[in-house]
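[1] can you look at this prediction? I've put the sequence above it.
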Amino acid sequence: MANLKEVKPFDPNEGAADLATPWPTLDHVYSAADYVSAIMPETPSTMGFIAKSVNEAVVIAKATDLPPSMTSFTTMTLMPEVHNGGVLQPPGIPFESLRKVVRDNVAPQMIINQRVADVQRYANLSSHPWKPGWKIELRHGLKNPSTSESQDIRDAQVFLQNCNSEYGDNARKRDARQLTNFSSFLTQIVWDTFTYDGISIWTDTDLKGRIKAFKALSTFNIRLTTKEGWQGNPNIFAIGLDEAGNPIATFTRDELVFVVRNARADADIHGYGLSEVEQAIKSIQGISNAMDTAVDKFNKNAVPNGILTAEGMWTSRQLDVLTR
């Protein structure tokens, strides 16, 4: 136990770095009794089984290599200010409002689900050239792959299908580490890109910088920073928030991939996109406001209902047309 090191990437439910209070590190040896007495000083010695359980929880929390996940703890939202460590808020409609619009309305759900169904047609391997899907082949065209090349192709296919190269097609080990298959991965990023116009992909790399695993994170919980980075660290370009808006994780370019489809170059936006849901909301608001304004012009005038006031030079024929 004394030789175990804290495993990264972080688990935001425990806290990360100096952003929250983490579990005790395993660089020091904690006995079960010491740990329980620290958090529950009044615990009697007869509750030794609690001490054993707590000590096992410390080992599990630090020794399990899990990708980040943003767990909801509260429904209250308190977003950090722009000057708070260099965090930039999304422009336009807040992410909370966009998420609520998509969750509570059937129309955006049906549209997004249609796009999910389109993408799902290409989520699996294609068995024939005329069938939808994907396939890995050599760049040399018609050249037949060698035995080693065929094995490399199979390994690459397993890597994509399971979003990792370490656990292969063992779904139980993959799911235990909060990873998904490629089909679920595509579904998650399609929902995020149409809701927030942002795709957030966490990547786990080896010592040589090669990707071992990747997972779609919720763009709702990701915020970008200024060019100075988080709290003056330019290597940190994004942070992870919990549901209360508290920064609980930091990301470098090697740990997180953030992509938008409708890119904007405004200096104050700095990397955020413009989702179709936000565009639809503004279009509906514009049409509704125009209709309300037109109706108010007719309802809130000074002419009593049924009376037409005509001023100026009017002919009898023109007045007859108006009265009809």
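    Looks like it arrived, so ask away. Numbers count the residues shown, from 1 in each chain.

[2] quick check: buried residues in the longest helix along the chain?
    Counting by DSSP state H, the longest helix found in the chain is helix 276-299. Judged by neighbour count using 16 or more other CB atoms under 10 Å, the buried positions of helix 276-299 are E276, V277, E278, I281. For glycine as for every other residue, the C-beta is placed from the backbone atoms N, C-alpha and C.

[3] which other helices and strands contact that helix?
    Under the contact criterion of 3 or more CB pairs under 8 Å, 6 or more residues apart in numbering; DSSP states H and E, helix 276-299 touches helix 95-104, helix 106-120, helix 182-196.

[4] format those helices as a markdown table; extra columns: mean neighbour count.
    A markdown table is the format used below for the helices and strands packed on helix 276-299 (neighbours: other CB atoms under 10 Å):
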| stretch | mean neighbour count |
| --- | --- |
| helix 95-104 | 16 |
| helix 106-120 | 13 |
| helix 182-196 | 20 |
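
[5] okay, those helices in CSV with distance to R223 next?
    Shown next, in CSV, are these (distance: least, CB to CB, whole Å):
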stretch, distance to R223
helix 95-104, 9
helix 106-120, 23
helix 182-196, 11
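
[6] and stretch 268-284, how far out from the chain's middle?
    Centre-to-centre, stretch 268-284 and its host chain are 16 Å apart (CA atoms, centre = their mean, to the nearest Å).

[7] check stretch 225-235 too.
    Taking CA atoms, centre = their mean, one finds the center of stretch 225-235 at 20 Å from the center of the full chain.

[8] before we move on, what about stretch 250-264?
    On CA atoms, centre = their mean, the centre of stretch 250-264 falls 11 Å from the chain's centre.

[9] so which bits of it are buried?
    Within stretch 250-264, the residues scored as buried using 16+ other CB under 10 Å are T250, F251, E255, L256, V257, F258, V260.

[10] ok so, going back, which one of the buried residues of helix 276-299 is nearest to I199?
    Closest approach to I199 among those (CB to CB): E276, at 13.9 Å.

[11] ok, now which ones touch that closest one?
    Residues near E276 by CB atoms under 8 Å, 6 or more residues apart in numbering: I111, F194, D197.

[12] and if we set it to 10 Å?
    Residues counted as contacts of E276 (CB atoms under 10 Å, 6 or more residues apart in numbering) are P108, I111, I112, R115, T193, F194, T195, D197, R261, N262.

[13] mind checking pLDDT for the nearest residue to the third one once chain neighbours are set aside?
    Read that as I112. Closest residue to I112 apart from its sequence neighbours, by CB to CB, 6 or more residues apart in numbering: F194 at 4.9 Å. pLDDT for F194: 93.

[14] could I get the buried residues of stretch 250-264 as CSV with secondary structure, pLDDT and distance to P132?
    Compiled in CSV, the buried residues of stretch 250-264 are given as follows (DSSP: H, G, I helix; E, B strand; the rest coil; pLDDT from 0 to 100; distance: CB to CB, whole Å):
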residue, secondary structure, pLDDT, distance to P132
T250, strand, 90, 39
F251, strand, 92, 33
E255, coil, 90, 32
L256, strand, 92, 30
V257, strand, 93, 25
F258, strand, 94, 28
V260, coil, 92, 26
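
[15] thought Q178 was touching F214?
    No - look at Q178 against F214 with CB atoms under 10 Å: they stay out of range, at 12.0 Å.

[16] related to what we said a few turns ago, export the helix or strand following the longest helix of the chain to CSV, keeping only CA atoms.
    Under the assignment DSSP states H and E, the closest C-terminal helix or strand after helix 276-299 is helix 316-323. Only the C-alpha atoms of helix 316-323 are listed here, as CSV (Å, rounded to 0.1, in the frame of the first residue of the first chain):
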residue,chain,number,x,y,z
SER,A,316,-65.7,57.8,-52.4
ARG,A,317,-64.4,54.7,-54.2
GLN,A,318,-61.4,54.4,-51.8
LEU,A,319,-63.6,54.8,-48.8
ASP,A,320,-65.9,52.1,-50.1
VAL,A,321,-63.0,49.7,-50.5
LEU,A,322,-61.7,50.4,-47.0
THR,A,323,-65.1,49.9,-45.4
